[in-house]
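>>> Fold the following.
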Amino acid sequence: MKIGFIGLGNMGNPMARNLAKNGHAVKGYDVVPALLDKAASQGIARATSVADCVAGSEVVITMLPSSPHVRSVYGNESGVLAHAKPGMLLVDSSTIDPLTAREVAFDALAKGVAMVDAPVSGGTGGAEAGTLTFMVGGEAKDFEAARTILAAMGKNIVHCGGSGNGQVAKICNNLMLAIEMIATSEGMTLAAKLGMDPKVFAGIVNTSSGRCWSSDTYNPYPGVLENAPASRGYAGGFGADLMLKDLTLVTEAAKQAKVPVLMGAIAQQVYQKHSADGHGGKDFSSVILQYLKT
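Numbers count the residues shown, from 1 in each chain. Prediction:
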């Protein structure tokens, strides 16, 4: 298919390349010239603007930093919706708040254009390998139309319900992940400071009731798992600032829904301090540094 791809950063670039590898004709655009140049050197056709990227495309995919970017790219006078044609499919894989996702989808519907929100899990490694999980919100028929396209970039594609529900799944999952990572960091650090070998303690936890993904697959304590970011100086992976962004989306969504997220609010503050301490560019498991340094 003819696909326009807007947003060619750390996630968007490999996603666009995987689409091309699977036989789709991909035209890409990014406001950062260096990112556009990089994609062009890797076989992605160069678009000169959002309008140019949308023109002639059957599907338009966006991977953007935040809600304001999505509103702008879709809604301004030179944006996606201004140039989209009936019958086109729009897929937003950005992680944003559910309200924005629903409002942009409503605007698309008013123009006779189908749209789904399809945030991802799996990080840059999953984007490179084409093994991302897509959490998709939108009408069932639009999900089915998007499935084949998403399958070129991911292995687990889940319909979460109506518009915005992909975003709901993404931010609520990351709420739980952040809390679990902080809890694992506290437990691992306390056990070590009380004199226990971290590897032995991790082995006990991972065969006991404290076990979670943060302990058995992504343990934050240095040296416990050789393939985890903790054993390479917390380089790569899912950035702490990205986790902070998602937790901020959680607390804002919780206000709208009038649901208390007490642990989520604490986690947001822990990651905010971690970022303020200069660790925002490290993997989110580096939050353990808030405890190791004490």
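>>> quick one: the helices in the stretch 151-294 of the chain?
Ranges of helices in the stretch 151-294 of the chain, per DSSP state H, counting those that start in this stretch, are 165-193, 198-205, 213-216, 240-257, 262-274, 289-292.
>>> what angle separates the first one from helix 240-257?
What that stands for is helix 165-193. 120 degrees (axes from the mean of the first three to the mean of the last three C-alpha atoms, to 10 degrees).
>>> OK, contacts around residue 114?
For residue 114, the contacting residues are 88-90, 108, 138-139, 141-142, 145, by C-beta atoms under 8 Å, 6 or more residues apart in numbering. C-betas here are computed from N, CA, C, even on glycine.
>>> Including pLDDT, secondary structure and neighbour count, could those residues go into a markdown table?
A markdown table is the format used below for the contacts of residue 114 (pLDDT from 0 to 100; DSSP: H, G, I helix; E, B strand; the rest coil; neighbours: other C-beta atoms under 10 Å):
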| residue | pLDDT | secondary structure | neighbour count |
| --- | --- | --- | --- |
| 88 | 96 | coil | 20 |
| 89 | 98 | strand | 22 |
| 90 | 98 | strand | 27 |
| 108 | 97 | helix | 25 |
| 138 | 98 | coil | 30 |
| 139 | 97 | coil | 17 |
| 141 | 97 | helix | 9 |
| 142 | 98 | helix | 22 |
| 145 | 97 | helix | 17 |
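>>> Check those residues against residue 195 and report the nearest one.
Of all those, residue 195 sits closest to residue 138, with 53.1 Å by C-beta to C-beta.
>>> The residue nearest to the closest one when sequence neighbours are not counted - how many residues pack around it?
Nearest residue to residue 138, sequence neighbours excluded (C-beta to C-beta, 6 or more residues apart in numbering): residue 116, at 3.4 Å. Neighbourhood size, residue 116 [other C-beta atoms under 10 Å]: 29.
>>> try residue 21
Residues contacting residue 21 under the criterion other C-beta under 10 Å number 14.
>>> Please apply the same query to residue 204.
Neighbours of residue 204 under the rule other C-beta under 10 Å: 13.
>>> Just the pLDDT at it, thanks.
pLDDT for residue 204: 98.
>>> And for residue 182?
Residue 182 is given a pLDDT of 98.
>>> I'd say it and residue 267 touch.
Yes: using C-beta atoms under 8 Å, residue 182 is in contact with residue 267, at 5.7 Å.
>>> neighbour count winner among these two?
residue 267 (27 against 23).
>>> Would you mind measuring from the closest residue to the more buried one other than its chain neighbours to residue 202?
Computed as C-beta to C-beta, 6+ apart, the closest residue to residue 267 that is not its neighbour in sequence is residue 178, at 4.4 Å. Relative to residue 202, residue 178 is positioned 19 Å away (C-beta to C-beta, to the nearest Å).
>>> Point out where this protein drops to low pLDDT.
The chain contains residues with pLDDT under 70 at 294.
>>> Kindly state the domain boundaries assigned to it.
Listed by automatic domain parsing, the domain ranges of the chain are 2-163, 168-292.
>>> doesn't residue 91 make contact with residue 113?
No: Residue 113 lies out of contact with residue 91 (C-beta under 8 Å); the separation is 11.4 Å.
>>> what's the helix or strand for residue 96?
Counting by DSSP states H and E, there is no helix or strand that carries residue 96.
>>> residue contacts, it?
With contact taken as C-beta under 8 Å, 6+ apart, residue 96 is in contact with 64, 66-67, 70, 117, 119, 167, 249.
>>> for it, phi and psi?
Dihedral pair for residue 96: phi -140, psi -180, per degrees, to the nearest 10.
>>> can I assume residue 90 is in contact with residue 107?
No: counting by C-beta under 8 Å, residue 90 sits too far from residue 107 to count as a contact (10.2 Å).
>>> Surely residue 77 forms part of a helix?
No: assigned with DSSP: H, G, I helix; E, B strand; the rest coil, residue 77 falls outside any helix and is coil.
>>> Check the spacing between it and residue 102 real quick.
With distances taken as C-beta to C-beta, residue 77 is found 22 Å from residue 102.
>>> residues contacting residue 143?
Contact analysis of residue 143 by C-beta under 8 Å, 6+ apart lists 116, 136, 159.
>>> Can you tell me which of these is nearest residue 123?
residue 136 (18.3 Å).
>>> picking up where we left off before, of the helices of the stretch 151-294 of the chain, give the one that comes closest to residue 60.
Here helix 165-193 is closest among those (C-beta to C-beta), at 16.4 Å.
>>> got the angle for the closest one vs helix 198-205?
Using the same axes, to 10 degrees: helix 165-193 against helix 198-205 is 130 degrees.
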